[in-house]
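mind folding the following:
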Amino acid sequence: MEVATLGLLFLTLCAPLHAQDQKKVRMAYSAFSISFLNLFVARDAGLFKKHGIDVELIQMAGPLPVAALAAGEIDYLTGYSTGIVATGRGAPLKGVMISLRKPPFFLVAEPSIQTVSDLAGKRIGVDRIGSLQHLVARLMLRNKGADPEKALFTQTGSVSNTVTSLGQGAVSAAILSGPHNVIMTQKGFRQIGAADELPVHFPTSGLVVNQAKLKSDAAGVKSVIRVMIEANDLARKDKPWMVNYIGDKWKVEPRVAETVYGQWLSILTADGKISIKDMQAYFDLAYSQKQISAPINVAAVTDYSLLDQVLAGK
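Got it, this is the predicted structure:
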């Protein structure tokens, strides 16, 4: 069954409210990435409409979404770490839910590279110097006994540029996410590391809101949280639908889609949370590695109270 047909089925089953009764919500995401799979699923399976929400997903990168959220021009930022890091610079934001406990990042190298130690003096492609990809790449090397200071990190600027750079030999290895890591390994490239192997949790994607909205529209925030929980439940329970959806959305064959789905599902949070302790350890590490410019007090910028209410059926 085609994804479009399934999407219509969900829309019918969800019995959405009439369009004029729906509340407009604007949500920012940084890239067309598997990191935001549940967000796309929530929209395309009709879950936002089910809860009376007319959602607009807006792709924004760099500092723009943080500024837009702080100014009230968008309602939610789904790049969790991006939003929380901004609080260290005074942005009036809070995190309310986390979708992924680690990023879906993989270190993929040209066939001649056998281990991470072989990357000494070699170029490794990341989207941006100082980004989460950059930090994860450094941690992957260190975790496997290699010195990240001996690698040459190259900023590519985008996923497509990273894939092209690796394919053409401009870099010897690169940080990729699904489906690109699976496709490149099928072409003979070697996957030599994964973020899921690291002994630290990374709050990757989720929901970050303006503190003012958290106070003035708690019911609306709870509705969006409820949508995301339902999207996660759908993802866990209906593998055939998800594999078909990934295949259609990313234009990949079923076996690639199934692998991508399994990799993504393995890092999905169980209840929309990472413990404050684990998150603090991550942000402390990022600060110590000079990946972020200011320390973060995670407890002060995290509020799971509305999530807890939703999980309790309230």
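
so what's Ala61 up against?
30-31 (Cβ atoms under 8 Å, 6 or more residues apart in numbering). Quick note: C-beta positions are derived from backbone N, CA and C, even for glycine.

my guess is Gln291 is in a strand, correct?
No: Gln291: not assigned to a strand; according to DSSP: H, G, I helix; E, B strand; the rest coil it is coil.

can you mark which positions in the strand or helix carrying Lys215 are buried?
Taking DSSP states H and E as the definition, one finds Lys215 inside helix 211-216. If you call a residue buried by 16 or more other Cβ atoms under 10 Å, then helix 211-216 has these buried ones: 213-214.

mind giving me the packing neighbours of it?
Helix 211-216 sits against strand 93-98, helix 218-237, with contacts defined as 3 or more Cβ pairs under 8 Å, 6 or more residues apart in numbering; DSSP states H and E.

these into a markdown table, with extra columns for distance to Ala174 and mean pLDDT?
As requested, the helices and strands packed on helix 211-216 are exported to a markdown table (distance: least, Cβ to Cβ, whole Å; pLDDT from 0 to 100):
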| stretch | distance to Ala174 | mean pLDDT |
| --- | --- | --- |
| strand 93-98 | 26 | 96 |
| helix 218-237 | 27 | 97 |
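
so which of those is the most packed in?
Per-stretch averages of neighbours, counted by mean count of other Cβ atoms under 10 Å, single out strand 93-98 among these, with a mean of 25.

what ranges does this protein have for its strands?
Along the chain, counting by DSSP state E, strands occupy 23-29, 53-59, 76-79, 93-98, 106-109, 123-126, 152-155, 173-176, 190-194, 205-210.

and the ones you listed: which comes nearest Leu37?
strand 205-210 (8.8 Å; Cβ to Cβ).

hmm, back to that, out of the strands of the chain, which is the most enclosed?
Sort those by mean neighbour count, taking mean count of other Cβ under 10 Å, and strand 173-176 sits at the top with a mean of 28.

tell me the contacts of the most centrally placed residue in the chain?
With distances taken as Cα atoms, centre = their mean, Ser35 lies nearest the centre of the chain, 3.1 Å away. Applying Cβ under 8 Å, 6+ apart, we find Ser35 in contact with 100, 103-104, 177, 204-205.

give me the below-cutoff pLDDT ranges for this protein.
Counting by pLDDT under 70, the chain has low-confidence residues at 1-20.

before we move on, the earlier item: now the residue nearest to the centre of the chain. Nearest residue, chain neighbours left out?
Once flanking residues are discounted, Ser35 sits nearest to Ser205: 4.9 Å by Cβ to Cβ, 6 or more residues apart in numbering.

in contact with that neighbour, which residues?
Shown in contact with Ser205 (Cβ under 8 Å, 6+ apart): 29, 35-36, 38-39, 78-80, 98-100.

got the domain boundaries for the protein?
Domains of the chain are assigned by automatic domain parsing as 3-102+201-311, 106-197.

restricting to C-alpha, output stretch 70-83 in PDB.
Taking only C-alpha atoms (Å, rounded to 0.1, in the frame of the first residue of the first chain), the coordinates of stretch 70-83 have been written out as PDB:
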ATOM      1  CA  ALA A  70      12.700  33.900  21.200                       C
ATOM      2  CA  ALA A  71      10.800  36.500  19.300                       C
ATOM      3  CA  GLY A  72       7.600  34.400  19.100                       C
ATOM      4  CA  GLU A  73       7.800  34.100  15.300                       C
ATOM      5  CA  ILE A  74       7.700  30.300  15.600                       C
ATOM      6  CA  ASP A  75       6.100  28.200  18.300                       C
ATOM      7  CA  TYR A  76       8.500  25.300  18.700                       C
ATOM      8  CA  LEU A  77      12.100  24.400  17.900                       C
ATOM      9  CA  THR A  78      12.700  20.700  17.400                       C
ATOM     10  CA  GLY A  79      16.500  20.900  17.400                       C
ATOM     11  CA  TYR A  80      16.800  20.200  21.100                       C
ATOM     12  CA  SER A  81      20.500  20.800  21.700                       C
ATOM     13  CA  THR A  82      20.400  24.000  19.600                       C
ATOM     14  CA  GLY A  83      17.700  25.500  21.800                       C
END
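
so Ser99 touches Ala270, yeah?
No: at 11.2 Å, Ser99 and Ala270 do not qualify as touching, with contact defined as Cβ atoms under 8 Å.

which among the strands of the chain is found nearest to Asn297?
Nearest to Asn297 among the strands of the chain is strand 93-98 (11.7 Å), distances taken as Cβ to Cβ.
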